[in-house]
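J.: Below are the sequence and a predicted model; questions follow.
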Amino acid sequence: LYIKWSEAPRHEWITQSACQPGTVFYSTGMEWRGPNGERWIDGCTVNNKPRWLLAEDPLAIGGPYLVEKMYTEQHIALAVNYITVRGVELFETLIDRNAHAKALKERFCKDVNLVSDVVTLKAKFTPSAAHMQQLNDKQPLTDQGVTANTQLFIEYDQDVYNAMMVGRAMGWLTA
């Protein structure tokens, strides 16, 4: 989430803040278009501090950043566990309920700079389940039983995993 803590949308200082997908923000309804076409919305004040929230940036990958609530009902907030040299991390996203598993996998790969051919998306539908189930790339997530409570995991191709572990052991990849 990108924020301008100011009454004036032309304010140049922009801060970045972590934000969980599905978080609700309230707006005054005012909008402002930046010089590069980015769309800022006037967020309701927090602790008497005015703020502008970046909703959309046509020059950035992965947008829009914020969507109106009426469009979120057809989406689902998902969290995907994946391993890095730092240990297990979490990728969180808000995705269309009818999106295929491949769309989620490609969004993850774009975020971590991998090609989607080297990863598999797996699900554990109950915490007590003994095994994870591989998701079919060509089927919608919800048709495969995925909900916001489903534990999702990325499994790397064996060569990618081995290369990552060798890089870590050699000190090439650091936390």
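T.: That came through fine. Numbers count the residues shown, from 1 in each chain.

J.: in the sheet, who's paired with residue 51?
T.: Beta-bridge partners for residue 51, by DSSP bridges, are residue 43.

J.: quick one: the strands in this protein?
T.: 2-4, 15-16, 27-33, 39-46, 49-56, 75-84, 87-96, 119-124, 133-134, 151-156 (DSSP state E).

J.: Select, out of the ones you listed, the one closest to residue 167.
T.: When the strands of the chain are compared by C-beta to C-beta, strand 75-84 sits nearest residue 167, at 11.0 Å. Placement of C-beta: from N, CA and C, glycine included.

J.: Buried residues in that closest one, which are they?
T.: For strand 75-84, the buried set under the neighbour-count rule, 16 or more other C-beta atoms under 10 Å, comprises 75, 76, 78, 80, 82.

J.: Over to stretch 8-24?
T.: Within stretch 8-24, the residues that count as buried by 16+ other C-beta under 10 Å are residue 9.

J.: Equivalent analysis for stretch 134-154, please.
T.: 135, 141, 144, 146, 150, 152, 153, 154.

J.: Let me know the closest of the residues you listed to residue 114.
T.: Among the buried residues of stretch 134-154, and counting by C-beta to C-beta, the member closest to residue 114 is residue 154, at 9.0 Å.

J.: Correct me if wrong: the closest one contacts residue 108.
T.: Yes: if you go by C-beta atoms under 8 Å, residue 154 and residue 108 touch, sitting 6.3 Å apart.

J.: what do those two both touch?
T.: Shared contacts of residue 154 and residue 108, defined by C-beta atoms under 8 Å, 6 or more residues apart in numbering, are found at 80, 82, 91, 119, 121.

J.: Tell me the one of those residues nearest residue 11?
T.: residue 91 (30.9 Å).
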